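Engineer: Pasting the sequence and the predicted coordinates here, then a few questions.
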Amino acid sequence: MESELGLLEQSINSRYSLWVQEALNDLPDSFTVTDPCISGQPIVFASKGFLKMMGYSKTEVIGRNGRIFQGPGTCRRSVMEIREAIREERGIQINLVNYRRDGTPFWMLFHMCPVFSKEDGRVIHFVGVQVPILRKPRRRNGVGLVYEEESRVNESVYGSCRREVCSDSLVDLGRALSLECALDDADNRGLEIEETCEASELEKRRAASAMNNILSVLTYYSESTGRLVCGKRCNLTGVGLLSSSLNISLGRIKQSFVLTDPHLPDMPVVYASEAFFKLTGYARHEVLGHNCRFLSGEDTDSSAIYRIKESVQNEKACTVRILNYRIRVHFGIFFMYHQFVMLLARLRTLWVFRWKKPVRTRMGMG
């Protein structure tokens, strides 16, 4: 758990600076920052304005996916449009029903934009701004307030489902998913009522202005670390990029592995799993864009390295037993692993390097 929290903190602090969170919290707007490179695309920052609006504490939000704010009135089509925007790594502005911690639904304008690395054009984060929509209640056939009645009925059924999604229990999560599937039809009936709610031009301008302010803060603080970011992808050639959707899919794999691109000079790493970072102790920026040779040390068998190079050249899979080093080599900590190298043609002929079966070292450490 501590390693996961460290990864979330590192996502913000290592890319910008230790002061960026304080600067972001000085902004009055409601917004979150998510990291598509971490499994599940969790929230790595939530503004004070967002926490106040939603009624959650920081610890209840950080590390969770934004779906915990959805409920029975959240339009499935809108959610799919957001997912499509993430896959295509582009911005989107859409009206959406979200739910506060107490189960109260409300309409908001959701404005999301990707944040790109200026160095290699990769998507580093997604920023999501939430602006509440001030609206007049709609009547059907001149009779009563429709959304209030539907909200009470649906919330009595789905309120427990949202609470289970927010919990850490796998059993509760299973029940929540079962409820969601069983009551899809009822869900869709509720969606037909309010899907025409639109944000005003003032609210749209407010969301766009907030996004510009956030991007300005992120850009400014990225300069202090020398790892610059921007709101638009730079037109760089010869850079191996993996889409955010592929990053998210790969993040579900719990094993230790990296992907390298043989079409780029020095065959750099273009993706590394969370398990790899935990195993080696390296940070993401210390791995991506570098050749795997940084794992080698004075006792690494050169013949094993030669076999790997030969396999890459001949485009053949191979398995070797090789000594690699964690980042804290000055403490004498290293590890012996079976390294599997295989060709994965569907990923634009990327190479997968997988570490498996730790062997106890001379210091008795795996």
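Structural biologist: Yep, it's here.
Engineer: Could I get the full set of helices for the stretch 201-350 of the chain?
Structural biologist: Counting by DSSP state H, counting those that start in this stretch, the stretch 201-350 of the chain has helices at residues 201-222, 244-250, 274-280, 302-314.
Engineer: highest average neighbour count across those?
Structural biologist: helix 274-280 (a mean of 19; mean count of other CB atoms under 10 Å). For the C-beta atoms, the positions are set from N, CA and C on the backbone; glycine is no exception.
Engineer: which helices and strands sit right next to it?
Structural biologist: Counting contacts by 3 or more CB pairs under 8 Å, 6 or more residues apart in numbering; DSSP states H and E, helix 274-280 is packed against helix 2-13, strand 256-260.
Engineer: okay, now Leu8: neighbour count?
Structural biologist: 17 (other CB atoms under 10 Å).
Engineer: Check His290 too.
Structural biologist: Counted with other CB under 10 Å, His290 comes out at 17.
Engineer: follow-up on the earlier one: nearest to Thr34 among the helices of the stretch 201-350 of the chain would be which one?
Structural biologist: Among the helices of the stretch 201-350 of the chain, helix 244-250 comes nearest to Thr34, with 10.0 Å by CB to CB.
Engineer: Redo the helices and strands packed on helix 274-280 as a markdown table? Include mean pLDDT and distance to Lys58.
Structural biologist: Output for the helices and strands packed on helix 274-280, formatted as a markdown table (pLDDT from 0 to 100; distance: least, CB to CB, whole Å):
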| stretch | mean pLDDT | distance to Lys58 |
| --- | --- | --- |
| helix 2-13 | 72 | 11 |
| strand 256-260 | 85 | 30 |
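Engineer: hang on, the earlier thing: same list (the helices of the stretch 201-350 of the chain) but as a markdown table, adding mean pLDDT.
Structural biologist: As requested, the helices of the stretch 201-350 of the chain are exported to a markdown table (pLDDT from 0 to 100):
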| stretch | mean pLDDT |
| --- | --- |
| helix 201-222 | 94 |
| helix 244-250 | 70 |
| helix 274-280 | 82 |
| helix 302-314 | 82 |
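Engineer: looking at those helices, which is closest to Arg64?
Structural biologist: helix 244-250 (14.9 Å).
Engineer: What helix or strand is Pro36 located in?
Structural biologist: Using DSSP states H and E, Pro36 maps to neither a helix nor a strand.
Engineer: Return the set of buried residues in the helix or strand harbouring Met80.
Structural biologist: For Met80, the host element (DSSP H and E) is helix 76-88. For helix 76-88, burial by neighbour count (16 or more other CB atoms under 10 Å) applies to 78, 82, 85-86.
Engineer: Output the contacting helices and strands for that helix.
Structural biologist: When contacts are defined as 3+ CB pairs under 8 Å, 6+ apart, helix 76-88 packs onto strand 92-99, strand 105-117, helix 184-194, helix 244-250.
Engineer: mean pLDDT for these: which is lowest?
Structural biologist: Mean pLDDT is lowest for helix 184-194 among the helices and strands packed on helix 76-88, at a mean of 42.
Engineer: can you tell me which helix or strand Leu24 belongs to?
Structural biologist: Under the assignment here (DSSP H and E), Leu24 is part of helix 20-25.
Engineer: Just the buried residues of that helix, please?
Structural biologist: Residues 20-21, 23-24 are the ones in helix 20-25 that count as buried (16+ other CB under 10 Å).
Engineer: which residues sit against that helix?
Structural biologist: 12-13, 33, 45, 47-48, 214, 217-218, 220-221 (CB atoms under 8 Å, 6 or more residues apart in numbering).
Engineer: which sections of this protein are below the confidence cut-off?
Structural biologist: Under the criterion pLDDT under 70, the flagged ranges of the chain are 1-6, 135-196, 234-245, 248, 328-353, 355-366.
Engineer: Could you give the number of residues near the residue lying closest to Gly251 once chain neighbours are set aside?
Structural biologist: In space, and not counting its chain neighbours, Gly251 is closest to Ser39: 3.4 Å by CB to CB, 6 or more residues apart in numbering. Per other CB under 10 Å, the neighbour tally for Ser39 reads 21.
Engineer: hang on, Ser39 packs against Glu274?
Structural biologist: Yes: counting by CB atoms under 8 Å, Glu274 is a contact partner of Ser39 at 6.0 Å.
Engineer: Deepest-packed of the helices and strands packed on helix 274-280, please.
Structural biologist: strand 256-260 (a mean of 21).
Engineer: Just the CA atoms of that one, as PDB, please.
Structural biologist: Provided in PDB are the C-alpha atoms of strand 256-260 (Å, rounded to 0.1, in the frame of the first residue of the first chain):
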ATOM      1  CA  SER A 256       7.300  -7.100 -14.200                       C
ATOM      2  CA  PHE A 257       8.100  -6.300 -17.800                       C
ATOM      3  CA  VAL A 258       9.100  -3.500 -20.200                       C
ATOM      4  CA  LEU A 259       8.400  -2.800 -23.900                       C
ATOM      5  CA  THR A 260      11.200  -1.500 -26.100                       C
END
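Engineer: Pull up the pairing partners for it, direction included.
Structural biologist: Here strand 256-260 is paired, per DSSP bridges, with strand 269-272 (antiparallel), strand 350-359 (antiparallel).
Engineer: Brilliant, that's me finished.
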